[in-house]
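>>> have a look at this prediction, sequence included:
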Amino acid sequence: MSRIDAEQEGGADVVTAPQPGLTPSNVTTIAEAGLRARLAPDDGRRPPQGWKGEGEQVTRKGAVSPTAMNKIDYRTQTTLITGASAGLGAEFARLLAERGSDLVLVARRADRLEALADELSAKYRVTVTAVPFDLTVPAAGEALAKEVARRGITVTSLVNNAGFGTHAPFRQEDAERVQQEIGLNVASLVDVTRAFIGQLTGFLVNVASSLGYQPWPNAAVYGATKAFVLSFTEALWQESRGTGLRVLALSPGPTRTEFFDALGSDDMARGVRMQTPRQVVTTALRTLDRRNPPPSVVSGTFNWVTTLTSRFTTRRANVLAFGALTQWQMRSSGPGH
């Protein structure tokens, strides 16, 4: 069992009342539009003609509601990224710098942060600030916000990517590690979000996971923390409507990052085509650039399909199915895993 600095996975259905000026006679509800969107995968490709983004309100004539927004001008953004020293965090940094966003990179590994900051500032001519910081400390969000303010930086967008997972039967997990996993994946994410959300004007991305959609034996705590992130973020999406802030839960599946290297086992990804960090982050940014972004997105067609099982099967069948898949993965891994 090992710790990592960044992880992944997202999708959902949120139902709200019609907006002022829109009536049931000329508008499909958010739930209806969401159902249509959930029948098409979100893997970074352009959706089939006729699909409407989940959460959009679409008139019978096809006009998008007044809540639709323009594409983000990343050149006006200063984006803080947690877990930025590797994996998805580092890829978010690269692609956002490429689009012109200034960056604040946060992680524990100062050497990696400084190297990445130097690389991106030289290549893209953007301002990149490295802030080595341990997000597991009490009141981490407030302390981080004070440190960023002390440096004279105003954060306008936020990517909460820091987290780690454990691959082991729950009864064998170390009690202290379980608390650390919940603390970083849940409490710290909420704390950082609370500390910065009042000043955000661009976007907020919380990295959830496809494991947040269904139970996954031998990753019980990790999956549960990501289910929290998914639900929390989708609620913030609704609360932020009309403010101009885009909120998105990003749910990757197995991705080629340090997650599996650190665990010393790829059982959880066995039989699954893994995505690259660039594919996952590209999915997130393309989703954010929609006129009316959904509350969540699952990266990768296979991952999207697996999340559907929890919606169209009983809870018992769902648990049994993923339990069987876990057992097959472990058997097929062979000796030494």
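Sure, I can see it. Since we're looking at a predicted model, the values are computed, not measured. Numbers count the residues shown, from 1 in each chain.
>>> just for this protein, where's the confidence low?
The chain contains residues with pLDDT under 70 at 1-68, 257-272, 315, 318, 321-337.
>>> where exactly do the helices run in it?
30-38, 87-98, 110-124, 140-150, 175-182, 189-196, 220-239, 258-263, 277-288, 301-312, 315-332 (DSSP state H).
>>> buried stuff in the fifth one?
Within helix 175-182, the residues scored as buried using 16 or more other Cβ atoms under 10 Å are 181, 182. No exception for glycine: its C-beta is placed from N, CA and C like everyone else's.
>>> compile the helices of the chain into JSON lines and extend it with columns for distance to residue 246.
Output for the helices of the chain, formatted as JSON lines (distance: least, Cβ to Cβ, whole Å):
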{"stretch": "helix 30-38", "distance to residue 246": "16"}
{"stretch": "helix 87-98", "distance to residue 246": "14"}
{"stretch": "helix 110-124", "distance to residue 246": "22"}
{"stretch": "helix 140-150", "distance to residue 246": "20"}
{"stretch": "helix 175-182", "distance to residue 246": "27"}
{"stretch": "helix 189-196", "distance to residue 246": "14"}
{"stretch": "helix 220-239", "distance to residue 246": "8"}
{"stretch": "helix 258-263", "distance to residue 246": "26"}
{"stretch": "helix 277-288", "distance to residue 246": "5"}
{"stretch": "helix 301-312", "distance to residue 246": "21"}
{"stretch": "helix 315-332", "distance to residue 246": "31"}
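>>> for residue 210, which of the ones you listed is the nearest?
helix 301-312 (4.4 Å; Cβ to Cβ).
>>> isn't residue 88 up against residue 281?
Yes - Residue 88 is within contact range of residue 281, at 6.3 Å (criterion: Cβ atoms under 8 Å).
>>> just name the most buried of the helices of the chain.
Comparing the helices of the chain by mean neighbour count (mean count of other Cβ atoms under 10 Å), helix 87-98 ranks first with a mean of 24.
>>> just the CA atoms of that one, as PDB, please.
Coordinates of each C-alpha in helix 87-98 appear next as PDB, following Å, rounded to 0.1, in the frame of the first residue of the first chain:
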ATOM      1  CA  GLY A  87      -0.100  12.900 -13.000                       C
ATOM      2  CA  LEU A  88      -3.300  14.800 -13.700                       C
ATOM      3  CA  GLY A  89      -2.200  17.800 -11.700                       C
ATOM      4  CA  ALA A  90       0.900  18.300 -13.800                       C
ATOM      5  CA  GLU A  91      -1.100  17.800 -17.000                       C
ATOM      6  CA  PHE A  92      -3.700  20.300 -15.900                       C
ATOM      7  CA  ALA A  93      -0.800  22.700 -15.400                       C
ATOM      8  CA  ARG A  94       0.600  22.100 -18.900                       C
ATOM      9  CA  LEU A  95      -2.600  22.400 -20.800                       C
ATOM     10  CA  LEU A  96      -3.800  25.500 -18.900                       C
ATOM     11  CA  ALA A  97      -0.400  27.200 -19.300                       C
ATOM     12  CA  GLU A  98      -0.700  26.400 -23.000                       C
END
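>>> when you give positions from now on, start the count at 45
OK, 45 is where the count begins now, so the last one is helix 131-142.
>>> angle of it against helix 154-168?
30 degrees (axes from the mean of the first three to the mean of the last three Cα atoms, to 10 degrees).
>>> could you give the angle of helix 131-142 to helix 321-332?
Helix 131-142 and helix 321-332 are oriented at 60 degrees to each other (the same axes, to 10 degrees).
>>> mind listing what residue 318 touches?
Residue 318 is in contact with 297, 298, 299, 300, counting by Cβ atoms under 8 Å, 6 or more residues apart in numbering.
>>> let's see 7 Å
Residues near residue 318 by Cβ atoms under 7 Å, 6 or more residues apart in numbering: 298, 299, 300.
>>> what do you get for residue 272?
Going by Cβ under 7 Å, 6+ apart, residue 272 touches residue 230.
>>> what count of nearby residues applies to residue 286?
Neighbour count for residue 286, taken as other Cβ atoms under 10 Å: 9.
>>> ok, residue 218 next?
Look at residue 218: counted by other Cβ under 10 Å, it has 12 neighbours.
>>> quick one: it from residue 265, how far?
For residue 218, the distance to residue 265 (Cβ to Cβ, to the nearest Å) stands at 11 Å.
>>> again with residue 285
32 Å.
>>> which one of the contacts of residue 318 is nearest residue 336?
residue 299 (26.7 Å).
>>> make sure that closest one is actually in contact with residue 319.
Yes - using Cβ atoms under 7 Å, residue 299 makes contact with residue 319 at a distance of 5.1 Å.
>>> list the backbone torsions phi and psi for residue 129.
Per-residue torsions, residue 129: phi -80, psi -10 (degrees, to the nearest 10).
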